[in-house]
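1. Give the three-dimensional model of this entry:
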Amino acid sequence: QVQLVESGGGLVQPGGSLRLSCAASGFTLGYYAIGWLRQAPGKEREGVSCISSSDGSTYYADSVKGRFTISRDNAKMTVYLQMNSLKPEDTAVYYCARQLGTHCGAEYDYWGQGTQVTVSS
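-> Next up is the predicted model:
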């Protein structure tokens with residue numbers, strides 16, 4: 001069955017870095033765009049980044065542009081989110097999700113369980 005498992009979250013000081021991983025199984029990763037989303041307490045879930053499978057094009061929310069980098073390794077069945085210059089407002093549960101198709105912008109059909117990122121001194 002389709003599974004997405006996030007890892008790499010944790011507690012980091014402001015200005016620090018974390019790299020999240022999304023391990024995929026049960027489907028061919030190379031056929032799907034994958035997104036990262038986050039949800040902070042009391043807030044709606046928001047899209048953070050997405051990477052297509054067709055040409056590797058990427059999307060970033062304005063709030064993370066220039067600080068986060070998404071990448072994928074289809075051979076390793078993994079999508080990464082490198083997060084630098086972290087701010088307290090980046091604190092949230094981060095989810096990876098599979099999109100219905102090769103390009104970003106489609107609906108999501110499968111989600112991981114999430115990994116907590118806490119940015120605090």
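2. Show me what the helix or strand encompassing residue 35 is in contact with.
-> Assigned by DSSP states H and E, residue 35 falls within strand 34-39. Strand 34-39 is contacted from outside by 20, 22, 24, 45-51, 53, 70, 72, 79, 81, 90, 92-99, 104, 108, 114, 117, using CB atoms under 8 Å, 6 or more residues apart in numbering. For glycine as for every other residue, the C-beta is placed from the backbone atoms N, C-alpha and C.
3. run the last query once more with 7 Å
-> Strand 34-39 is touched from outside by 22, 45-51, 70, 72, 79, 81, 92-99, 104, 108, with contacts defined as CB atoms under 7 Å, 6 or more residues apart in numbering.
4. List buried residues within those.
-> 22, 47-51, 70, 72, 79, 81, 92-99, 104, 108 (16 or more other CB atoms under 10 Å).
5. still on that earlier bit, mind listing which of the contacts of strand 34-39 are in strands?
-> Judged by DSSP state E, the contacts of strand 34-39 include 22, 46-51, 70, 72, 79, 81, 92-99, 108 as members of strands.
6. Identify each buried residue in stretch 53-71, please.
-> 53, 58, 59, 60, 64, 68, 69, 70.
7. Quick check: the farthest pair among those?
-> Distances among those were taken as CB to CB; the most separated pair is 53 and 64, at 21.0 Å.
8. residue closest to the middle of this structure?
-> Nearest residue to the geometric centre of the chain (CA atoms, centre = their mean): residue 36, 2.6 Å.
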